[in-house]
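Trainee: turn this into a structure:
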Amino acid sequence: MQYEFTSGASRALTAAAGWRSREDCNELRASALLLGLLAESECRAAIMLANGGIDAAAIRRRWPELSPATPPTGGVGAIVRRFSSEVESSLNAVCQRLAEYSPAPELATEHLLLGLAAAEHEVSAWLRQHGLDPDTLEAEICRLYGYRPGSLPLELEEEEATSLVPGELGETGENAENQDISEKAEKPPGCGHDRTTSGSDRPSRPSNSVPPPWRDEICVLRVIDAAANRAREGLRVVEDFVRFFLDDRHLTGQCKQLRHDLAAAVGRISAEHRLAGRETQADVGTGLTTKAEEARDKPAAVLAANFTRLQEALRSLEEFGKLIDANMAAELKQLRYRSYTLQRALETTRTSVERLERARLYVLIDGRPSQQEFQRLAALLVEAGVDMIQLREKQLDDCAMLARARVLRELAAGSDTLFIVNDRPDLAALSRADGVHLGQEDLSVKDARAIVGPEPLVGVSTHSIEQARQAVLDGANYIGVGPTFPSGTKQFDRFPGVALLRAVSSEIRLPAFAIGGITHENLPEVLRSGFVRIAVGGAITDASDAAAATRKLLSELP
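Mentor: Sure thing, here's the model as predicted:
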């Protein structure tokens, strides 16, 4: 009989050919085929064997005569073995069981295992003793693939199936890449899509098995429907995280808008057509999952998994959408890019909240008339417990600025005080500062990040709710919001005041510091706006006792 094998089954047969039962035997034995199936460690047959408590050691104990075969000499090549009568009978057994399914599938690894269990030889008896009942295996294979006698073909390629656990659905990208490589390897006769012939041919598939012309359209609609559902569901989970864990109204609105725009894009295809293509009961993927999907160790893992689900679904929608509506596909492509920006903003907000959870008092200092005076003030602030110190200096040359930055770096090292450089990401990088702060006229967050790297904080000054929202999407780690009151340090034409503080605190969770003219006297008004973080300059540096002024402000912050 003539057999056709999937690529995974071909590799299993090739691995099995590497085992022999004795020197003078050139036959592929059924016991060696078990070892070959286990060599494809992520294929369904290997997982079914593992579920029965069968591993390579158990097989070697049962058939101790099996030993690795010596590779052929005189060049590179695969070991070629004839199928033994045991293997032939196993292949015949599985073909008889699959005869009622039309068109007949290529034999995959799980089919080989079914044949081994269904035949009548010592390997068959041993498998059944370990609970691998052929009727149970056949029922499981039918359930996995949605087999129906005489009608439904095998639609899942082996390349997609090798890493799937029965009853579980996983990601197969890496395995598929490995399979592409392995398929290029030389295959011996009897292994792979090269056909092994022994006796009469299997009846050819009937000509009436050609799919009807509308089948591709239905399949595309099924993909669109499933991917749209995955994208919408993944985005809803992301939205729930932002809403209930971050309590961020701005990013929740971004999620909601993306979800509505997704619905509008997919809405180019009528719901009637999508539902006509839906066939959940016959979907081979509905009962499959991976162990990684069965548990999440923390809320952040839920967030990451659902962003991945969203973006993969959007890509699938985009690619298959090109077959239906090029404009829809273009819209979906832009939605995917927006999802990347949203993920960056959301993850940056989440991690920044953690990093700056206890930061309340941010003090801005200049370079002072001398380096010694600067060092005394900085040391006093660090000792007093200031959470963040920003070196903001417009008059000193670069050499003097860098020298003071390095002094501050040394003083803050080992303390809880973070050291920030204003305006100058280059000096921040050279002095190994904890971050850089940018004004609206300075470099962008993107450009500053390219200089300081991924770890340092990047803060942005904002003077309106629109600027604050944009800073979040740009990837800032924190924002300064103001000016709140007139200040002796910096002059402004207008003061957004406490109203801006209230607007920001009502919708943005990214760490935000109220700035501009804040003192002990007006601090209660700032706190009533919802802000718990402040940035000050003269309120401390101009005080007669800077340490006492620092401790007083710290005691009044929640």
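
Trainee: doesn't Glu120 make contact with Ser89?
Mentor: Yes - counting by CB atoms under 8 Å, Ser89 does reach Glu120; the two are 7.0 Å apart. Glycine gets a C-beta too; all of them are placed from N, C-alpha and C.

Trainee: who has more neighbours out of the two?
Mentor: The residue with more neighbours, out of Ser89 and Glu120, is Ser89; 18 against 10, by other CB atoms under 10 Å.

Trainee: average pLDDT across the lengthiest helix in the chain?
Mentor: Determined from DSSP state H, the single longest helix within the chain is helix 326-355. Throughout helix 326-355, pLDDT has a mean value of 95.

Trainee: got the buried residues for that helix?
Mentor: Residues 328-329, 331-333, 335-336, 338-339, 342-343, 345-346, 348-350, 352-353, 355 are the ones in helix 326-355 that count as buried (16 or more other CB atoms under 10 Å).

Trainee: one more: stretch 245-256?
Mentor: Using 16+ other CB under 10 Å as the test for burial, stretch 245-256 gives 246, 248, 250-252, 254-255.

Trainee: Ser431 and Pro425 touch, don't they?
Mentor: No - counting by CB under 8 Å, Pro425 is not a contact partner of Ser431; they are 10.9 Å apart.

Trainee: who touches Thr109 in this structure?
Mentor: For Thr109, the contacting residues are 6, 8-9, 12, 37, 40, 43-46, 158, 162, by CB atoms under 8 Å, 6 or more residues apart in numbering.

Trainee: please repeat the previous calculation with a cut-off of 7 Å.
Mentor: By CB atoms under 7 Å, 6 or more residues apart in numbering, the contact list for Thr109 reads 8-9, 12, 37, 40, 43-45.

Trainee: and the residues you listed, which of them are in helices?
Mentor: Per DSSP H, the subset of those in helices is 8-9, 12, 37, 44-45.

Trainee: got the phi/psi numbers for Phe83?
Mentor: phi -70, psi 130 (degrees, to the nearest 10).

Trainee: gap between the closest residue to it other than its chain neighbours and Arg22?
Mentor: Once flanking residues are discounted, Phe83 sits nearest to Leu28: 5.4 Å by CB to CB, 6 or more residues apart in numbering. Distance, Leu28 to Arg22, using CB to CB, to the nearest Å: 13 Å.

Trainee: please enumerate the helices of the stretch 201-350 of the chain.
Mentor: Along the stretch 201-350 of the chain, counting by DSSP state H, counting those that start in this stretch, helices occupy 215-241, 249-266, 271-277, 299-321, 326-355.

Trainee: report the separation between Asp442 and Pro456.
Mentor: According to CB to CB, Asp442 stands 15 Å off from Pro456.

Trainee: Gln311 now?
Mentor: Distance, Gln311 to Pro456, by CB to CB: 27 Å.

Trainee: among those two, which residue is more densely surrounded?
Mentor: Counting neighbours by other CB under 10 Å for Gln311 and for Pro456 shows that Pro456 has the greater number, 21 against 18.

Trainee: show me what contacts the nearest residue to that one once chain neighbours are set aside?
Mentor: Using CB to CB, 6+ apart and skipping the chain neighbours, the partner closest in space to Pro456 is Gly435 (4.6 Å). Residues in contact with Gly435 (CB under 7 Å, 6+ apart) are 418, 420, 428, 456-459, 477.

Trainee: keep only those of the residues you listed that are in strands.
Mentor: Mapping the contacts of Gly435 onto strands (DSSP state E) picks out 418, 420, 457-459.

Trainee: mind putting those into JSON lines with distance to Cys399, pLDDT and neighbour count?
Mentor: JSON lines is the format used below for those (distance: CB to CB, whole Å; pLDDT from 0 to 100; neighbours: other CB atoms under 10 Å):
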{"residue": "Leu418", "distance to Cys399": "24", "pLDDT": "98", "neighbour count": "20"}
{"residue": "Ile420", "distance to Cys399": "20", "pLDDT": "98", "neighbour count": "25"}
{"residue": "Leu457", "distance to Cys399": "25", "pLDDT": "98", "neighbour count": "22"}
{"residue": "Val458", "distance to Cys399": "24", "pLDDT": "98", "neighbour count": "27"}
{"residue": "Gly459", "distance to Cys399": "25", "pLDDT": "98", "neighbour count": "29"}
